[in-house]
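Colleague: sequence plus predicted model, see below.
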Amino acid sequence: MARSGTYVLRPQKQREPRFRIEYDQLLNGSQLEAVTTTEGPVLVIAGAGSGKTRTLVFRVARLVEMGIDPRSILLLTFTRKASSEMLRRASSLLDGRCDDVAGGTFHSFANIVLRRHAKVLGIDSGFTILDRGDNEDVINLVRARLGFDKKEKRFPRKQTIASIFSMAVNKSRTLGELLETSYSHLIDHADDLQALLTSYEAYKAERQLLDYDDLLLVLHRLLETQESVRDQLSRQYRYIMVDEYQDTNPLQAAIVRLLACQHENVMAVGDDAQSIYAFRGASFRNIMDFPDLFPGTQIVTLEENYRSTQPILDVTNHIIAQARERYSKSLYTVKKDGESPLLIAAESENFQSRFVCQRILELREEGVPLPEMAVLFRSSFHAFDLELELTRHDIPFVKRGGFKFIETAHVKDALAHLRVVANPRDAVSWHRVLLILEGVGPRRAQSLTAELTASQDPAELLDAQSGRSYSTALRALAGLVRNVRQADRHPEEQLNQVLQYYDPHLKRIHRDDYPKRAKDLEHMVSIAARYKSLETLLADMALEPPSDSVGDVVAIDEPEGLLTLSTIHSAKGLEWHSVFILWAVDGRFPSVQSMHDDEELEEERRLLYVAATRAKQNLYICYPINMYDRAAGMVLSKPSRFLDDVPPEILTPMDLVEE
């Protein structure tokens, strides 16, 4: 007999997903909170050395394990290397699904989106990206056309003009506003610079050219004006993470806000205490105002440090504690033991340099390798005396700075040949290619460029040039263009053809250092081998080029490696066993110029904080005394004001004396 009964309905229990990764075992409490808070806006204040990257990696893995489509996760970073490394680590934690996460820099993301959607703004998907050098060349060309190069009063150089135009975009200011606040000495040129900017924009638009800053500007315009595209992208990227949020500019913050229009799932990770790139357009306000931009933001603070000893952290905590505006945090570590950091007064700059050399040699004898030591400074010229002293002591070193790989003439020459194939309307590259040829001067190059950019077949036009001393050279160039543009050519093969053609010119133009430059170009071929299309290669070389010349890296063959000399800006994100900070004297650090501007003064405080948090075991803060500064018209002899509130029992004062 069938049994009867009464049935009730009750809500189905949500089954918790099972996780392969033991998050609670592998992360500390704050990291776990950041990783498991997956819905809504989250701001992670990640102190120096607190496992910021680890937190992002585990959060990517967590989202994927929760069943989130990896293609709906967007990870925005400031270098392609950073995003690639994070996604590689996430894949090693979990599985290959993490490879499908969308990751990259703001600029590379903009490039991808604009290739697909920019047509609605009248921009062809085959646009060419100008790197900084090309950008300056276009400005120079337009400047000459407007006759500004012939003015009685000296007109700003192309590099300065490019910096002004770029800063206006990155700070989201009009040209006039920027001139008033940051370039007041050029205010007399305001009308001419505005005319130049208008012509520069028109020139680019005519030829389907975008410079580096245009990528963000046009992406923002696309998101702001095209509701359907904005909504589509926001639905596509349901989970957005931004690394180093303190380094974003106002335009990037606005882009993030627009991308999240359909949801509030944004995690920004950064450290207000490490916001040091205002000179590039980064805005300290972005990280401070994030909770206002995203109401209901949950703030998670990472304070456990895995890099430095507690004595070093005690100093850094005191340095930043006096900041005018900040998120409250105090770094700590389980590594309680360690040497007390030293504040060292030297009677002269050379005495400072001699001490650094002596202590480096002593540390080396104690077993600290040279690559585990670094000397940091606010400005590059602060290290000039030390460089001489290091040479006298036969201590090999590498100094971070100088020309970047992409900015060298020979690399730009090679790229120009590839660019005219990818975009025959690229007048800047044609002009550069033609000027390489013997007998072709600026005037002839300019007239030929105009013909080539208007021609249906540039190679045929080059072949038709006869009766000139350089006709043979033009025919050789025509042959190169035909070979390189063949559809089945791989970028590596295309570049090799360019280099075979270019090699005689390289020997002629750069006879003195031909071997070093040739080695750079060899390195370039190995880079090209990783790409499947010429368009992607050229875009990446413009978006995020390799930063060092091969010759600079391998010029000194030292089995034990090299000591690092670096500006603090270039050292951010790095760490060493022992760190020396030079010229920590009031008037140089902070500089006299920044003392009358509260925002600049606060950034200089953060700069010292970044320098001190690079040290793992030893920290030496040095300053010369009784130094007359001609520019300031004063004697500098007291340590940086940022150290005033650090107790002597935490930062031990020492005087250097001759033995």
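Modeller: Great, that's in hand.

Colleague: please identify the buried residues of stretch 634-645?
Modeller: Across stretch 634-645, burial judged by 16 or more other CB atoms under 10 Å covers 636-637, 639-643. Placement of C-beta: from N, CA and C, glycine included.

Colleague: residues touching it, excluding its own?
Modeller: Here stretch 634-645 makes contact (CB atoms under 8 Å, 6 or more residues apart in numbering) with 318-319, 321-322, 343, 345, 584-590, 592, 604-605, 608, 621, 623-629, 651.

Colleague: ends of that stretch, what's the gap?
Modeller: 24 Å (CA to CA, to the nearest Å).

Colleague: now stretch 420-434
Modeller: 11 Å.

Colleague: again, but for stretch 650-659
Modeller: 26 Å.

Colleague: are any of the contacts of stretch 634-645 buried, and which?
Modeller: Here, 16+ other CB under 10 Å leaves 318-319, 343, 345, 584-590, 604-605, 608, 621, 623-625, 627, 651 buried among the contacts of stretch 634-645.

Colleague: how many neighbours does the closest residue to residue 444 other than its chain neighbours have?
Modeller: Leaving aside its chain neighbours, residue 444 sits nearest to residue 434 (7.6 Å; criterion: CB to CB, 6 or more residues apart in numbering). Using other CB atoms under 10 Å as the criterion, residue 434 is surrounded by 25 other residues.

Colleague: do you know the pLDDT at residue 434?
Modeller: At residue 434, the predicted lDDT confidence score is 93.

Colleague: spit out the contact partners of it.
Modeller: 440, 444-445, 448-449.

Colleague: starting at the chain centroid, how far to whatever helix or strand it lives in?
Modeller: Following DSSP states H and E, the helix or strand that holds residue 434 is helix 427-435. Centre-to-centre, helix 427-435 and its host chain are 28 Å apart (CA atoms, centre = their mean, to the nearest Å).

Colleague: ok, back up a step: which among the contacts of residue 434 gets closest to residue 303?
Modeller: Of all the contacts of residue 434, the one sitting nearest residue 303 is residue 449; the distance, using CB to CB, is 58.3 Å.

Colleague: count the neighbours of that closest one for me.
Modeller: With other CB under 10 Å as criterion, residue 449 counts 22.

Colleague: what do you get for residue 562?
Modeller: 17.

Colleague: state the distance from it to residue 573.
Modeller: 19 Å (CB to CB, to the nearest Å).

Colleague: kindly report the same for residue 196.
Modeller: Residue 196 is 36 Å from residue 573, by CB to CB.

Colleague: which one's more surrounded, these two?
Modeller: residue 196 (23 against 15).

Colleague: quick one: average pLDDT of the strand or helix carrying the more buried one?
Modeller: Following DSSP H and E, one finds residue 196 within helix 190-206. The average pLDDT for helix 190-206 rounds to 91.

Colleague: grab the CA positions of that helix and hand them over as PDB.
Modeller: Provided in PDB are the C-alpha atoms of helix 190-206 (Å, rounded to 0.1, in the frame of the first residue of the first chain):
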ATOM      1  CA  ALA A 190      50.800  79.200 -25.500                       C
ATOM      2  CA  ASP A 191      48.900  80.200 -28.700                       C
ATOM      3  CA  ASP A 192      51.600  78.700 -31.000                       C
ATOM      4  CA  LEU A 193      51.700  75.500 -29.000                       C
ATOM      5  CA  GLN A 194      47.900  75.200 -29.200                       C
ATOM      6  CA  ALA A 195      48.100  75.700 -33.000                       C
ATOM      7  CA  LEU A 196      50.800  73.000 -33.100                       C
ATOM      8  CA  LEU A 197      48.700  70.600 -31.100                       C
ATOM      9  CA  THR A 198      45.700  71.100 -33.400                       C
ATOM     10  CA  SER A 199      47.900  70.500 -36.500                       C
ATOM     11  CA  TYR A 200      49.600  67.500 -34.800                       C
ATOM     12  CA  GLU A 201      46.200  65.900 -34.100                       C
ATOM     13  CA  ALA A 202      45.000  66.500 -37.700                       C
ATOM     14  CA  TYR A 203      48.200  65.000 -39.100                       C
ATOM     15  CA  LYS A 204      47.800  61.800 -37.100                       C
ATOM     16  CA  ALA A 205      44.100  61.500 -38.000                       C
ATOM     17  CA  GLU A 206      44.800  61.900 -41.700                       C
END
